[in-house]
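Visitor: sequence and predicted structure, then a few things I'm wondering about:
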Amino acid sequence: MIDITLPDGSVKKFDAGVTPHDVAMSISEGLARNVISASFNGTTVETKTPLTTSGSLILFTWNDKEGKKAFWHSSSHVLAQALQELYPGIKLTIGPAIDNGFYYDVDFGDHSVSDKDFKTIEDKVLAIAREKHEFTMRSATKAEALAMYAAEENPYKTELITNLEDGTITFCDHATFTDLCRGGHIPNTGIIKAFKIMSVAGAYWRGDEKNKQLTRVYGISFPKQKDLTEYLELLEEAKRRDHRKLGKELELFAFSQKVGQGLPLWLPKGAALRDRLEQFLKKAQKKAGYEQVVTPHIGQKELYVTSGHYAKYGADSFQPIHTPNEGEEFLLKPMNCPHHCEIYNTKPWSYKDLPKRYAEFGTVYRYEQSGELHGLTRVRGFTQDDAHIFCTPDQLDSEFKKVIDLVLYVFSSLGFDNFSAQVSLRDKENREKYIGTDENWEKAENAIINAARDKNLDTVVEYGEAAFYGPKLDFMVKDALGRQWQLGTIQVDYNLPERFDLTYKGSDNELHRPVMIHRAPFGSMERFIAILLENTAGNFPLWLMPEQAIILSLSEKYENYAKKVLDLLENHEIRATVDNRNETIGRKIREAEVQKLPFMLIVGEEEEKNGTISVRRHGDAGKSNQTMTIEAFAALVQEEVDKTLKTFQV
Ligand SMILES: [Zn+2]
Ligand SMILES: [Zn+2]
């Protein structure tokens, strides 16, 4: 008998040779039907692998990440089989599961595949799937494996096997198809009920552009047709919410090939939006004791040699700018921290002066390959809502908590509730990778862990994810597609104070090193606005909307009254414009809806006579308008603003 420990801690006895499927059966038939993958003692196994020793077993269904991985990995085998049958002579390379589906990189030789062929391939995959083939793992010697692919004249698989150790090579068989594989399959192909090819793209063998270009076929599969339909709808929604599309429609930002790739141009409405975000944060930061500083966009190369950035990013960054006569070398600023260290160094400080908190909306430049650029999320020039806090080690704990408060305030004011926090600590096995004393590291790590716990953050702890100079806390939010983005970050740093020889005089009259905190609640203005656009689909919180209301006149006759209403709204600090064009009201409303303007204020004869406005909300098609006075409308706007935007409390 062997003992099988389940994730809930319960231990069950079975005969040696029991399979994960049998264990599921012993719990319930329903579970056994849904189990599609398993892991035993941390290693992926097949659902029919006989278990011969005691150990811990985890059973996975489609709802688990591991279950999906097995599902998609197995589907990629079926795709490979279908492609091989449809296009004889093609050479298969690798086909892993990815976050959403899987791909297979194929050398199609004389064949080519385009979207016209997708339907044929999909039908073939589903036909094979319906035959309910089981996946069977078997070991092979290196010589056997090499001989098999030599016969197929497949140099890619041959190269893969050459790099494997004899005795570790396994194959997976299903139907008439065999592939080099490490295992982790669903019970049989029959549970693949929906399958779709998403796209084809070029991909170099092993990601190296010196190698042959292959065709990467992206696919996705599901256990139910309904799941595929929902997934495709989600993708459509994500397309509608794509910040690049919305940025254009709402006239927020643009790119110009003449100005250069990856360098966003902020249009008036986008600039106003940024400015509003900046003012919002500046106001909270002022309350939290930050001081604004301003530093130049370039710095001497030597500055970044001192900071260590040159050694780390120099080669990948922009090249130095040389002055014509003096032989000086400058770099575009990749980070604000070195400049802020030099601001700290302008004066001697005593422990009584600390903490010093320097904040700057600092624009930085980093080289990204043109292929990596993406809207506002991957750019070459961006503005960080940066700040550096210089404090004594004893102040670290409370300073860290204050920064968390500020980050949470920013998130709640902007309606981000779907976020999590990652505590990134040292890799305990590899302490030599990090600089600073053990004592300081422990202090800093404990400060972060305690602060996150005291603030009731939903956190995951990751060992080995700390920066070499200190631990950090990263805030992640999910966008419309369910992708995770890192926004705010708080980092503790012992490195730069050392490199820039920062000191303060302690109560013992000796010089000490301050600790430095880097923090940016937004991360960068560009990325933050991109995520905000995709999260809200352009329906920002009312306090942030570039235009909160538009006054639509029923005809040109009411121009004077419309202007009077505008004046009154301005007195109430409501941002509005007038649309007095000689257009039908229906058309004016439709255009205002596209612009996502929260309120449309319609004025005509009745309204002028009574000194009122007829209020229609964005997206309220079919509902009747509400007639009210300007004062009542101003109160309504204020109430709505107050719901999300609270005053920051220190
Ligand atoms: Zn496999
Ligand atoms: Zn910094």
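Guide: All right, it came through fine. Model, not experiment: these values are computed from the prediction. Numbers count the residues shown, from 1 in each chain. Ligands and ions are numbered 1, 2, ... in the order given.
Visitor: for the chain, which spans come out with low pLDDT?
Guide: Residues of the chain that meet the criterion pLDDT under 70 lie in 479-481.
Visitor: which strand or helix spans the residue of the stretch 351-500 of the chain found nearest ligand 1?
Guide: Closest residue of the stretch 351-500 of the chain to ligand 1, C-beta to the ion: residue 482 (25.5 Å). Just so you know, the C-beta spots here come from the backbone N, C-alpha and C atoms, and that holds for glycine as well. Using DSSP states H and E, residue 482 is not contained in any helix or strand.
Visitor: if you drop the residues flanking it in sequence, what lies closest to it?
Guide: residue 234 (7.7 Å; C-beta to C-beta, 6 or more residues apart in numbering).
Visitor: report all helices and strands that the host helix or strand of the one you found contacts.
Guide: Element membership for residue 234 (DSSP H and E) is helix 225-240. For helix 225-240, the elements it packs on are strand 194-204, strand 213-222, judged by 3 or more C-beta pairs under 8 Å, 6 or more residues apart in numbering; DSSP states H and E.
Visitor: re earlier: distance of the residue nearest to residue 482 relative to residue 241?
Guide: Separation of residue 234 from residue 241 (C-beta to C-beta, to the nearest Å) stands at 10 Å.
Visitor: out of the two, which sits in the busier spot?
Guide: residue 241 (18 against 14; other C-beta atoms under 10 Å).
Visitor: next, find the distance separating that one from ligand 2.
Guide: 31 Å (C-beta to the ion, to the nearest Å).
Visitor: same question, residue 501
Guide: Distance, residue 501 to ligand 2, using C-beta to the ion: 17 Å.
Visitor: phi, psi for that residue please.
Guide: phi 50, psi 50 (degrees, to the nearest 10).
Visitor: for it, which non-adjacent residue is closest in space?
Guide: Nearest one to residue 501, counting by C-beta to C-beta, 6+ apart, is residue 345 at 7.7 Å.
Visitor: before we move on, what about residue 104?
Guide: Nearest to residue 104 is residue 95, by C-beta to C-beta, 6+ apart, at 3.5 Å.
Visitor: do residue 339 as well
Guide: residue 295 (3.8 Å).
Visitor: if we can go back for a sec, return the most buried member of the helices and strands packed on helix 225-240.
Guide: Among those, strand 213-222 has the highest mean neighbour count (mean count of other C-beta atoms under 10 Å), at a mean of 21.
Visitor: contacts for it next, please.
Guide: By C-beta atoms under 8 Å, 6 or more residues apart in numbering, the surrounding residues in contact with strand 213-222 are 71-72, 75-76, 79, 83, 93, 100-108, 112-113, 121, 125, 192-205, 228, 231.
Visitor: keep those, but drop any that are not near ligand 2.
Guide: Taking C-beta under 5 Å from the ion as the test, ligand 2 is in contact with none of these.
Visitor: how many residues are close by the residue of the stretch 151-300 of the chain at minimum distance from ligand 1?
Guide: Residue of the stretch 151-300 of the chain nearest ligand 1, by C-beta to the ion: residue 181 (3.3 Å). Per other C-beta under 10 Å, the neighbour tally for residue 181 reads 19.
Visitor: surely it and residue 170 touch.
Guide: Yes - Residue 181 is within contact range of residue 170, at 6.4 Å (criterion: C-beta atoms under 8 Å).
Visitor: shared neighbours of those two, which are they?
Guide: residue 137.
Visitor: phi, psi for residue 254 please.
Guide: Dihedral angles for residue 254 - degrees, to the nearest 10 - are phi -150, psi 170.
Visitor: typo on my end, residue 605
Guide: phi -60, psi -50.
Visitor: now the longest helix seen in the chain: buried residues?
Guide: Assignment by DSSP state H gives helix 65-86 as the longest helix of the chain. Within helix 65-86, the residues scored as buried using 16 or more other C-beta atoms under 10 Å are 66-84.
Visitor: of those residues, list those near ligand 1.
Guide: Applying C-beta under 5 Å from the ion to the buried residues of helix 65-86, none is adjacent to ligand 1.
Visitor: quick one: contacts for residue 493?
Guide: Residue 493 is in contact with 337, 467, 469-470, 515-518, counting by C-beta under 8 Å, 6+ apart.
Visitor: kindly report the same for residue 257.
Guide: Residue 257 touches nothing, counting by C-beta under 8 Å, 6+ apart.
Visitor: returning to that earlier point: now do the contacts for the residue of the stretch 151-300 of the chain closest to ligand 1.
Guide: 77, 137, 170-172.
Visitor: you'd agree residue 639 is in a strand?
Guide: No - read with DSSP: H, G, I helix; E, B strand; the rest coil, residue 639 is helix and lies in no strand.
Visitor: checking the residue nearest to residue 104 next. Helix, strand or coil?
Guide: coil.
Visitor: roughly how far does it sit from residue 611?
Guide: 70 Å.
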